[in-house]
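[1] this is a predicted model, with the sequence first.
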Amino acid sequence: MKKAKEFILKFLDKEAECWTNLELADLNVFNNSVKELYEMATDDMDESLGILQREKLDEEDDPIIYKPRHLFKLTAYKNKIYGNTWVAYVSIINPRREINKSVFLEGFIISEIGNELKIIGKMIINTNRSNMTVTGWKASVYNPSDLDINKLGEFISSGYFEPSNRDNFSLQEYLKDK
């Protein structure tokens, strides 16, 4: 669990660095940071990470320095195909509120691929568009036929903490049967 936590925190720092470099409008620095972020995920996940390399950047008058997302919870599973697998539940990009006033938005699925931890999937909260209530999860996974958010494997343990959520969709409620 410690190794997965260190990995996801490093990944979240790199993601914030990418967004900051986009604002700072240095094309080479931005594209290099995106390349480093991509190396932390499987090849199929590159575009799903939401940050794409660019051929040119617009200069911002007042660039934003991004903060890493909050990590709310890390849950470990034993998967038949991928072995040890973790789900890191995180906040929105560049959270501006304290952790206990932020809500979670995404979950990154992590596993060991070729002796390295990698992001192999991503899930995002699915909402009802008419009333914006949370209805569950939708996912983008490295190999959807092998692994999805309903087939993560045998639950092993959870770590970290869950702050109160303003959206009434609790991780505790979602994971009560796991």
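    Noted; the coordinates are in hand.
[2] next secondary structure element downstream of the top helix by length along the chain?
    In the chain, taking DSSP state H as the definition, the longest helix is helix 2-24. Once the chain leaves helix 2-24, the next helix or strand it forms, by DSSP states H and E, is helix 27-38.
[3] residues contacting that following helix, please?
    11, 14-15, 17-18, 21-22, 24, 46, 49, 51-57 (C-beta atoms under 8 Å, 6 or more residues apart in numbering). Heads up, the C-betas are built off the backbone N, CA and C, glycines and all.
[4] go with 7 Å
    14-15, 17-18, 21-22, 46, 49, 51, 53-54, 56-57 (C-beta atoms under 7 Å, 6 or more residues apart in numbering).
[5] on that earlier part again, list the buried residues for the longest helix of the chain?
    4-5, 7-8, 11-12, 14-23 (16 or more other C-beta atoms under 10 Å).
[6] before we move on, back to that, in CSV, list the contacts of helix 27-38 along with pLDDT and distance to residue 81.
    Shown next, in CSV, are these (pLDDT from 0 to 100; distance: C-beta to C-beta, whole Å):
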residue, pLDDT, distance to residue 81
14, 97, 26
15, 95, 26
17, 95, 32
18, 95, 30
21, 93, 35
22, 92, 35
46, 78, 21
49, 87, 22
51, 89, 28
53, 90, 30
54, 90, 35
56, 87, 41
57, 82, 39
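[7] would you list those in a markdown table and tack on distance to residue 130?
    Listed next are the contacts of helix 27-38 as a markdown table, based on distance: C-beta to C-beta, whole Å:
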| residue | distance to residue 130 |
| --- | --- |
| 14 | 36 |
| 15 | 31 |
| 17 | 37 |
| 18 | 34 |
| 21 | 37 |
| 22 | 33 |
| 46 | 33 |
| 49 | 29 |
| 51 | 30 |
| 53 | 36 |
| 54 | 35 |
| 56 | 39 |
| 57 | 37 |
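[8] which among these gets closest to residue 69?
    Closest approach between the contacts of helix 27-38 and residue 69, by C-beta to C-beta: residue 15, at 7.2 Å.
[9] quick check: pLDDT value at the closest residue to the closest one other than its chain neighbours.
    Leaving aside its sequence neighbours, residue 15 sits nearest to residue 37 (C-beta to C-beta, 6 or more residues apart in numbering; 6.1 Å). Among the per-residue scores, residue 37 holds a pLDDT of 96.
[10] quick check: bridge partners of the residue nearest to the spatial centre of the chain?
    By C-alpha atoms, centre = their mean, the chain has its centre lying nearest to residue 108, at 3.8 Å. Taking DSSP bridges as the rule, residue 108 bridges to residue 88, residue 122.
[11] list the contacts of the closest residue to residue 19 other than its chain neighbours.
    Spatial nearest neighbour of residue 19, excluding adjacent residues (C-beta to C-beta, 6+ apart): residue 66 at 4.2 Å. Shown in contact with residue 66 (C-beta under 7 Å, 6+ apart): 16, 19, 20, 94.
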